[in-house]
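1. Here is the input, now give the coordinates:
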Amino acid sequence: MRKRGLRWKRVFAAVGALVLLAALGVVATTFASGSNLRQALKMGRLARLPEPAYGLRVDGKRGLFSPSSHFYLKFAASAREIDQFLASSPGLVGVQPEALGPERMYLPQSAGSAASRESGDQLYFQPAERYPWFNPTIRVKGRRYVIPPGADGTHGEVVIDDVGHVVFIRVTRD
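-> Numbers count the residues shown, from 1 in each chain. Down below sits the predicted model:
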């Protein structure tokens, strides 16, 4: 006859293994998020984020067998901290921003008709369906900095929502 204690040991071992796997998943996700942040800032030749930045979201893809990569980043900070971040970013030295507002909005591609796209009144971006939180739509007041191509072909944009004090960064290497 079997001992009942052996069955409970197996249950506890199985539960312990599941808890360990869940903990490893959390650590791996946190590491990947931090790694994506470092990679995005490095690719865009951008400064470290302001310490009091909040609402940070970052995601992207790195090519395993190709140099192709893209990253999307969003954070919020005070107007002063955002301006310091921009001024400290080597990839934006000498870049003049495009002013955005009611006369020249930054809208998702699907929001514009063919006629308005041809008129040149508005700017349009391609929404990133994989990252629904990345929505740099500007209708009231903002700025857009184009990150010029680096030696490795990396380029991108930094869009500032000056009303909500939110920064959207998209960097790509083709």
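
2. just for this protein, where's the confidence low?
-> 1-6, 8, 11-34, 63-67, 111-120 (pLDDT under 70).

3. rerun at 50
-> Low-confidence segments of the chain (pLDDT under 50): 21-33, 115-118.

4. what's near enough to touch the residue nearest to the spatial centre of it?
-> For the chain, L73 is the residue whose C-alpha lies nearest the centre (C-alpha atoms, centre = their mean; 1.4 Å). The contact partners of L73, taken as C-beta atoms under 8 Å, 6 or more residues apart in numbering, are 37, 40-41, 56-58, 167-171. In this view, the C-beta of every residue, glycine as well, is placed from N, C-alpha and C.

5. make it 7 Å
-> 37, 40, 58, 169 (C-beta atoms under 7 Å, 6 or more residues apart in numbering).

6. Same check on H165?
-> Taking C-beta under 7 Å, 6+ apart, we find H165 in contact with 76-79, 82.

7. Leaving out the residues flanking it, which one is nearest to Y124?
-> Nearest residue to Y124, sequence neighbours excluded (C-beta to C-beta, 6 or more residues apart in numbering): Q109, at 4.8 Å.

8. wouldn't the one you found be in contact with Q126 here?
-> Yes - here Q109 lies in contact with Q126, judged by C-beta atoms under 7 Å, at a distance of 5.2 Å.

9. picking up where we left off before, sitting in helices, which of the contacts of L73 do you find?
-> Mapping the contacts of L73 onto helices (DSSP state H) picks out 37, 40.

10. Weed out the non-buried ones from the contacts of L73.
-> Buried by 16 or more other C-beta atoms under 10 Å: 37, 40, 58, 169, out of the contacts of L73.

11. The third one contacts A40, doesn't it?
-> Yes - the pair formed by V58 and A40 meets the contact definition of C-beta under 7 Å, at 6.2 Å.

12. anything in contact with each of the two?
-> Common contacts of V58 and A40, defined by C-beta under 7 Å, 6+ apart, comprise 71, 73.

13. Any idea how far apart the tips of stretch 61-72 sit?
-> Length of stretch 61-72, first residue to last, C-alpha to C-alpha, to the nearest Å: 9 Å.

14. would you turn the contacts of L73 into CSV with distance to P97?
-> Output for the contacts of L73, formatted as CSV (distance: C-beta to C-beta, whole Å):
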residue, distance to P97
L37, 23
A40, 19
V58, 22
I169, 14
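
15. Name the nearest of the contacts of L73 relative to M105.
-> I169 (19.3 Å; C-beta to C-beta).

16. Show me what the closest one bridges to in the sheet.
-> L73, V158 (DSSP bridges).

17. ok, it - contacts?
-> Contacts of I169 (C-beta under 7 Å, 6+ apart): 40, 44, 46, 73, 156, 158.
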